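predicted model and sequence follow; I will ask about them next.
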Amino acid sequence: MQPLNVTAVVAVVREVLETSEFFSDLWIVGEVSNYTRSSAGHRYFSLKDSGAVLRSVLFNSKMPGMQLRDGDRVLVHGQVTVYQQRGDLQFVCDFVRPEGVGILAARYEQLRARLLDEGLFDPARKRALPRFPRRIGVVTSPTGAALQDIKNVMTRRWPLAELILAPAQVQGEQAAPHILAALRTLSQEPSLDLAIVARGGGSIEDLWAFNDERVARAIYGFPVPVVSGVGHETDETIADLVADLRAPTPSAAVERCTPDIRELQRAVAVVERAMASATRSAVESRAQRVEAVMGRMMRGLPDFAHERERIIGFQREMLRCLERELATDQARLNTAEARHLPLDPRRTLARGFAIVQHADTRRVVSSVRKVKPGQRLQVSIGDGAFWTEVS
């Protein structure tokens, strides 16, 4: 094997440490010593116990308000690495709490702070619940009291909705994967309006699955609003913080995401009475207006008997006028007939005269020079007409 230089060896050691699942996610208890704070805000110190010392650092980007003192007993989270320039083993911290807090509480605080920085708890992203949900998914134990409480409240408050159970183990080491699988199953349900993640109360260990980062991110990314009803009112989990609505108990979760059908029925009855009253008032008001208009119309109508007599009088006067006009016109016609009667050609023909016309053109022959031998002529006399030929 070829010899390695120092840089290569230290780099390999650093890579081994930083890629190790064990060394990259460590919780350590120790006493603070040699504490200093740089001008950039980085905090350098050693963690020690009776048998060893581990150089440590808390950079200014992590918990900038945290102050430490020599002699403090702390619980810290971070990863082991190598400070390459000096070849020193170093523990890079990202979370620090006093030792008495307890490991689970410290893990909770560490995850809570990280997800808060990422915006998973931002109130602006929380979705409003549907007012009248029709399909409600539930992630909980199929044998727990929480499910029965949810069913009882649903039956009482909003029996019109369909309850879709996605059974899951909600306590123990396998609880978090079960909850994740149940949420994935529910996310495929068509026309789902909202989901409830619930379980009854218990210790922090009992509720720990709801502090799992994977569960928190699954709730954050769920396609419809999620209501968290985990534990009792004093319990608070990461699932509560990331859910669209947090309820103190499973029963309260149902109450907060469903309307009360009895209140709706009372409200509908009030609206019906108000509508009926308004309708009656409107009809009565319109009827009064119609009666008033009819009264004015009746008062404004003419006296039909008087108008009838007037019309009959107009008819009689028109008839008299027509008779007078007809008599005058008849007299004028008789006078004109008497004046023009002597000029009637038929009278002249009756006295022995005749009218001679060309047979083909019907033109009157007024001179013998206008006829030729062989032409046919029509001769009209007082009592008829006949044909003749010129010879």
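Received, thanks. Quantities reported herein were computed from a predicted structural model and do not represent experimental measurements.

pretty sure Ser38 sits against Tyr44.
Yes: contact status for Ser38 versus Tyr44: in contact at 6.9 Å, counting by Cβ atoms under 8 Å. Glycine gets a C-beta too; all of them are placed from N, C-alpha and C.

in terms of neighbours, single out the busier of those two.
Taking other Cβ atoms under 10 Å, Ser38 and Tyr44 do not tie; Tyr44 has more neighbours (15 against 11).

next, give phi and psi for that one.
Dihedral pair for Tyr44: phi -110, psi 140, per degrees, to the nearest 10.

any idea how far it lies from Thr36?
Tyr44 sits 5 Å away from Thr36, going by Cβ to Cβ, to the nearest Å.

what segments of the stretch 1-150 of the chain are helices?
Here the stretch 1-150 of the chain has its helices, by DSSP state H, counting those that start in this stretch, at 6-19, 103-118, 145-157.

what's the last one packed up against?
When contacts are defined as 3 or more Cβ pairs under 8 Å, 6 or more residues apart in numbering; DSSP states H and E, helix 145-157 sits against strand 135-140, strand 162-167, strand 194-199, helix 250-257.

so for the residue most central in space within the chain, what pLDDT did the model give?
What sits nearest the mean C-alpha location of the chain, by Cα atoms, centre = their mean, is Pro130, with 11.5 Å. Predicted confidence (pLDDT) for Pro130: 96.

so who does it touch?
Pro130 sits next to Asp193, Leu194, Pro225 when contact means Cβ atoms under 8 Å, 6 or more residues apart in numbering.

what's the closest of the residues you listed to Arg339?
Nearest to Arg339 out of these is Asp193 (Cβ to Cβ; 107.8 Å).

three-state assignment of the residue lying closest to Ala385 once chain neighbours are set aside?
Spatially, and ignoring its direct neighbours in sequence, Ala385 is nearest to Gln378 (5.8 Å; Cβ to Cβ, 6 or more residues apart in numbering). For Gln378, the assignment made with DSSP: H, G, I helix; E, B strand; the rest coil gives strand.

how close does Gln378 sit to Asp72?
Separation of Gln378 from Asp72 (Cβ to Cβ): 154 Å.

and what of Gly51?
Taken as Cβ to Cβ, the span from Gly51 to Asp72 is 19 Å.

give me the more crowded residue out of these two.
Asp72 (16 against 5).

give me the pLDDT value at the nearest residue to the more buried one once chain neighbours are set aside.
Closest residue to Asp72 apart from its sequence neighbours, by Cβ to Cβ, 6+ apart: Val32 at 4.4 Å. At Val32, the pLDDT value in this model is 90.

now Val230
Val230 carries a pLDDT score of 94 in this model.

got it, and the one 4 residues further on?
pLDDT for Thr234: 82.

and it, how close does it get to Leu104?
From Thr234 across to Leu104, the span is 16 Å (Cβ to Cβ).

and those two? which has more neighbours close in?
Comparing Thr234 with Leu104 by other Cβ under 10 Å, the one with more neighbours is Leu104, at 14 against 7.

give me the number of residues near the nearest residue to that one once chain neighbours are set aside?
Distances taken as Cβ to Cβ, 6+ apart put Ile204 closest to Leu104, at 5.3 Å, once the chain neighbours are dropped. Neighbour count of Ile204, defined by other Cβ under 10 Å: 14.

contacts only, for Ile204.
Counting by Cβ under 8 Å, 6+ apart, Ile204 makes contact with Leu104, Ala105, Tyr108.

residues contacting the first one?
For Leu104, the contacting residues are Ile204, Glu205, Trp208, taking Cβ under 8 Å, 6+ apart as the criterion.

could you dump those to JSON lines with pLDDT?
Conversion of these to JSON lines gives the following (pLDDT from 0 to 100):
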{"residue": "Ile204", "pLDDT": "84"}
{"residue": "Glu205", "pLDDT": "85"}
{"residue": "Trp208", "pLDDT": "91"}
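
hey, which helix or strand in the chain has the poorest pLDDT?
In the chain, no helix or strand scores lower on mean pLDDT, DSSP states H and E than helix 345-350, which sits at a mean of 70.

in whichever helix or strand comes after that helix, what counts as buried?
Downstream of helix 345-350, the first helix or strand assigned by DSSP states H and E is strand 355-358. Going by neighbour count (16 or more other Cβ atoms under 10 Å), nothing in strand 355-358 comes out as buried.

same question for stretch 17-24.
Leu17.

list of residues touching that stretch?
If you take Cβ under 8 Å, 6+ apart as the criterion, stretch 17-24 is touched by Gln79, Val80, Thr81, Val82.

now do the same end-to-end measure for it.
7 Å (Cα to Cα, to the nearest Å).

how distant is it from the center of its chain?
49 Å (Cα atoms, centre = their mean, to the nearest Å).

quick check: domain ranges of this structure?
6-101, 129-259, 346-389 (automatic domain parsing).

about what we covered before: out of the helices of the stretch 1-150 of the chain, nearest to Arg214?
Across the helices of the stretch 1-150 of the chain, Arg214 has its closest neighbour in helix 103-118 (11.0 Å, Cβ to Cβ).

once you drop chain neighbours, what's closest to Leu147?
Using Cβ to Cβ, 6+ apart, the closest residue to Leu147 is Thr140 (5.3 Å).
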